[in-house]
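Undergrad: Sequence first, then the predicted structure:
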There are 2 protein chains.
Amino acid sequence: MSDSPATIMLVDDHPLLRKGLKQLISLADNLTVIAECSNGADALIKAEELDPDLIILDLNMQGMDGIETLKRMRDQGVTSRIVMLTVSDADEDVVAAITHGADGYLLKDMDPELLLEQIVRAIEGKMVLSEAITEVLATALRRPSAPTASKLDTLTNREREILELIAKGMSNKLIARELDISDGTVKVHVKHLLKKLGLRSRVEAAVWMVNQEQLTDKN
Amino acid sequence: MSDSPATIMLVDDHPLLRKGLKQLISLADNLTVIAECSNGADALIKAEELDPDLIILDLNMQGMDGIETLKRMRDQGVTSRIVMLTVSDADEDVVAAITHGADGYLLKDMDPELLLEQIVRAIEGKMVLSEAITEVLATALRRPSAPTASKLDTLTNREREILELIAKGMSNKLIARELDISDGTVKVHVKHLLKKLGLRSRVEAAVWMVNQEQLTDKN
DNA sequence: CGCAAACTATCTCTTTTGGGGTAATTGCTA
DNA sequence: TAGCAATTACCCCAAAAGAGATAGTTTGCG
């Protein structure tokens, strides 16, 4: 290590948490906080200007969120180590953070001493992950990733139509009336669509579809 | 005011945030933090034991959440002023907090100076609400109540639990295995929960629940 | 033209679901 | 103590769903 302290930038829209974090970091004499930002836009500018050794980035921020900020920083050519700090251990967030170039993912409810250790390790170039996170990441990587959208494509128009009605909670009989076909025919379509999607019941199909709709709505 | 400093107890499962908050409070010489808890159960014991002037209570905690903790404290006869501190400005939370006897509702992303002012005002016996919150509260009160959340509240714990499993697509048999009860019993609970929610099938229930979860997740 | 895929429909059979009831146990409350 | 709500479990029965097979009609493509 060098003899001058490592530079750290904090990005979090909770002043209180910044304060706590800064105080924590001040306990280590080879670390220094050179900047604080309360939002992503600010962080982008300061990151380029100051080129800190480490950026600690909150995931859940108003306006531009942590992932978006991270993405833009990397696009902009920021080479600082970047560690996400967050309350969320949601699968997608972890995966998104790592795939977009985060060097770590720590949870806010960690023990402060441990957190400080991890920060030091991050500056030393190591990937730091909360324990709870490593599992999530491992299982996420085991799955190739989003095969979901493609699955919908394997369905015929009629099957997709019927799946959407199932996702509204409708029974075969109601669907039959709605589409003006026999309920026996609906059963055939349901049978096929379940097989194609690898699901075991219309309830699974409904849940899957609703989540699917929500996912695509976000983008 | 008296000449001895007012006593404050902090309840939050993020050590970091407690640290920041404690430091902030230490800036005022007529305030003193006499206890810190990382969970609701601990808080219940210490609150009764120490009877602080003010309890600052995190809403989103592991295990017993803030509202539950608040409720039990009041049931237990704790007369301290209690202020909720949280990231969430979800309508239901605010209303729930106030109706269960909270004396204030502050957001974690407030300006620290302002936060400190509000803490002082709370100790002086005033109701303190973040600006963003007053609006929420006003509109929440204008409506008689939340039409959706109230329906979930009519369910018993077991029914809600089973509804959540249905919302994962599980069959009665699977749910029975999961909860280690007979599948006949699961059917009884399903029957009741459908009647209470005014739904006609588990598929409707699943769809309703998934949408419900998504709505509450956003806040 | 011939063929495959999609859509339709029907039949059979098993499993699941939902609605009705009764009843024992527990724990809390008036 | 009596009563009530919640949880558990069982009964019966009708409706719905799902899996299998078979088959007619239409449509588009090589």
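TA: Cool, the structure landed. Numbering: from 1, shown residues only, chains lettered A, B, ... in the order given.

Undergrad: Name the residues of stretch A:59-79 that are buried.
TA: Within stretch A:59-79, the residues scored as buried using 16 or more other Cβ atoms under 10 Å in any protein chain shown are A:59-61, A:64-67, A:69-73, A:78. C-betas here are computed from N, CA, C, even on glycine.

Undergrad: Quick check: residue A:199 touching residue A:205?
TA: Yes: Residue A:199 is within contact range of residue A:205, at 5.1 Å (criterion: Cβ atoms under 8 Å).

Undergrad: where do the contact lists of these two overlap?
TA: By Cβ atoms under 8 Å, 6 or more residues apart in numbering or on different chains, residue A:199 and residue A:205 have these common neighbours: residue B:169.

Undergrad: Have a look at the two and say which one is more surrounded.
TA: Neighbours of residue A:199 and residue A:205, each counted by other Cβ atoms under 10 Å in any protein chain shown, are more numerous for residue A:205; the result is 22 against 19.

Undergrad: my guess is that one is in a helix, correct?
TA: Yes: with DSSP: H, G, I helix; E, B strand; the rest coil as the criterion, residue A:205 is part of a helix.

Undergrad: and the gap between it and residue B:207?
TA: Remark: distance between residue A:205 and residue B:207 (Cβ to Cβ, to the nearest Å) = 11 Å.

Undergrad: next one: residue A:191
TA: Separation of residue A:191 from residue B:207 (Cβ to Cβ): 20 Å.

Undergrad: who has more neighbours, the two?
TA: Remark: of residue A:191 and residue B:207, residue B:207 carries more neighbours, 23 against 11, as counted by other Cβ under 10 Å.

Undergrad: re earlier: which two of the buried residues of stretch A:59-79 have the greatest separation?
TA: The distance between the two most remote of these (Cβ to Cβ) is 20.5 Å, for A:60 and A:78.

Undergrad: What residue in chain A comes nearest to chain B?
TA: Per Cβ to the nearest Cβ, residue A:20 is where chain A lies closest to chain B, at 2.9 Å.

Undergrad: So that residue is in contact with residue B:10, correct?
TA: No: judged on Cβ under 8 Å, residue A:20 makes no contact with residue B:10 at a distance of 11.6 Å.

Undergrad: hey, what's in contact with both of those two?
TA: With Cβ under 8 Å, 6+ apart as the test, residue A:20 and residue B:10 both reach B:18, B:21.

Undergrad: Let me see the contact set for residue A:101.
TA: A:70-71, A:74, A:82.

Undergrad: Could you say which helix or strand holds residue A:160?
TA: helix A:157-166 (DSSP states H and E).

Undergrad: same deal with residue A:176?
TA: helix A:172-179.

Undergrad: Would that helix count as contacting DNA strand D?
TA: Yes: against DNA strand D, helix A:172-179 shows contacts by Cβ under 7 Å from any atom of the strand at A:172-173.

Undergrad: Which residue lies closest in space to the residue of chain A positioned farthest from its centre, excluding its sequence neighbours?
TA: The C-alpha centroid of chain A is most remote from residue A:182, which lies 43.6 Å away (Cα atoms, centre = their mean). Among residues not flanking residue A:182 along the chain, residue A:176 sits closest, at 5.9 Å (Cβ to Cβ, 6 or more residues apart in numbering or on different chains).

Undergrad: wait, doesn't that neighbour sit right on residue A:183?
TA: Yes: assessed by Cβ under 8 Å, residue A:176 is found in contact with residue A:183 at 3.9 Å.

Undergrad: Between the two, which has more neighbouring residues?
TA: Neighbour count, other Cβ under 10 Å: between residue A:176 and residue A:183, residue A:176 has more, with 19 against 14.

Undergrad: and that one, what is it in contact with?
TA: By Cβ under 8 Å, 6+ apart, the contact set of residue A:176 is A:182-183, A:185-186.

Undergrad: could those go into a markdown table alongside secondary structure?
TA: Below are the contacts of residue A:176 laid out as a markdown table (three-state DSSP):
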| residue | secondary structure |
| --- | --- |
| A:182 | coil |
| A:183 | helix |
| A:185 | helix |
| A:186 | helix |
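
Undergrad: Please identify which of these is nearest to residue B:54.
TA: Comparing the contacts of residue A:176 against residue B:54 with Cβ to Cβ places residue A:186 closest, at 61.5 Å.

Undergrad: what about the closest one, neighbour count?
TA: By other Cβ under 10 Å, 24 other residues sit near residue A:186.

Undergrad: Repeat that for residue A:156.
TA: By other Cβ under 10 Å, the residues close to residue A:156 number 12.

Undergrad: again with residue A:174
TA: Residue A:174: 15 neighbours (other Cβ under 10 Å).

Undergrad: And the pLDDT at residue A:204?
TA: Residue A:204 carries a pLDDT value of 92.

Undergrad: Just give the closest residue to it, not the sequence neighbours.
TA: Closest to residue A:204 by Cβ to Cβ, 6+ apart is residue B:169, at 3.5 Å.

Undergrad: Perfect, that will be all.
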